[in-house]
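Enquirer: Here is my input, please return the structure:
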Amino acid sequence: MTPIFLQVNYYSMSGNNIFVVMHIDLADYTSLCENLDTEEILEIMDIFYSTAEKCVEKHGGIPVRREGDKLVSVFGFKEFSEFEPINAILSAEDFLSKIKIKKPNLSFHIGIAEGTGNI
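Expert: Numbers count the residues shown, from 1 in each chain. This is a model prediction of the structure:
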């Protein structure tokens, strides 16, 4: 299995809601677009988004936004628990194990941050 670098940050904004944000980004997207046809790119993105969204929801997160080749999700949106960072990590591990079966040659960047603010 490809080693993963996981960076967890803490940040604070005005507001009192505590939450965890996770983003999953497809690595080398520009290169893929240059070397594959449109149908292949659409298939990859469909598999990426559907797999990631299912894994996020399975672990209690909410997929909130698709940004090009990135999915942004929030954990603890309705009610925060001390396990939300763990749920985000479990979601990321679950995603990586499932996507490697479907598309073994793809790489991803995953970032997880806990903080406070208004969503």
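Enquirer: Buried residues of the longest helix along the chain, list them for me.
Expert: Assignment by DSSP state H gives helix 38-58 as the longest helix of the chain. For helix 38-58, a neighbour-count test (16 or more other CB atoms under 10 Å) marks Ile44, Met45, Phe48, Tyr49, Thr51, Ala52, Glu53, Cys55, Val56 as buried. (C-beta placed from N, C-alpha, C; glycine too.)
Enquirer: What average pLDDT does it get?
Expert: Taken as a whole, helix 38-58 has a mean pLDDT of 97.
Enquirer: Also stretch 71-83?
Expert: 86.
Enquirer: chain center to that stretch, what's the gap?
Expert: The chain centroid and the centroid of stretch 71-83 are separated by 13 Å under CA atoms, centre = their mean, to the nearest Å.
Enquirer: Need the CA coordinates for it. PDB is fine.
Expert: Output of stretch 71-83 as PDB, limited to C-alpha atoms (Å, rounded to 0.1, in the frame of the first residue of the first chain):
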ATOM      1  CA  LEU A  71     -14.000  16.800  -2.000                       C
ATOM      2  CA  VAL A  72     -14.500  18.900   1.100                       C
ATOM      3  CA  SER A  73     -16.300  17.200   4.100                       C
ATOM      4  CA  VAL A  74     -17.300  18.300   7.600                       C
ATOM      5  CA  PHE A  75     -17.400  16.100  10.700                       C
ATOM      6  CA  GLY A  76     -19.200  17.200  13.900                       C
ATOM      7  CA  PHE A  77     -21.400  19.700  12.100                       C
ATOM      8  CA  LYS A  78     -24.600  19.000  14.000                       C
ATOM      9  CA  GLU A  79     -23.100  17.800  17.200                       C
ATOM     10  CA  PHE A  80     -19.400  17.600  18.000                       C
ATOM     11  CA  SER A  81     -17.900  14.700  19.900                       C
ATOM     12  CA  GLU A  82     -14.300  14.000  20.800                       C
ATOM     13  CA  PHE A  83     -14.300  11.200  18.200                       C
END
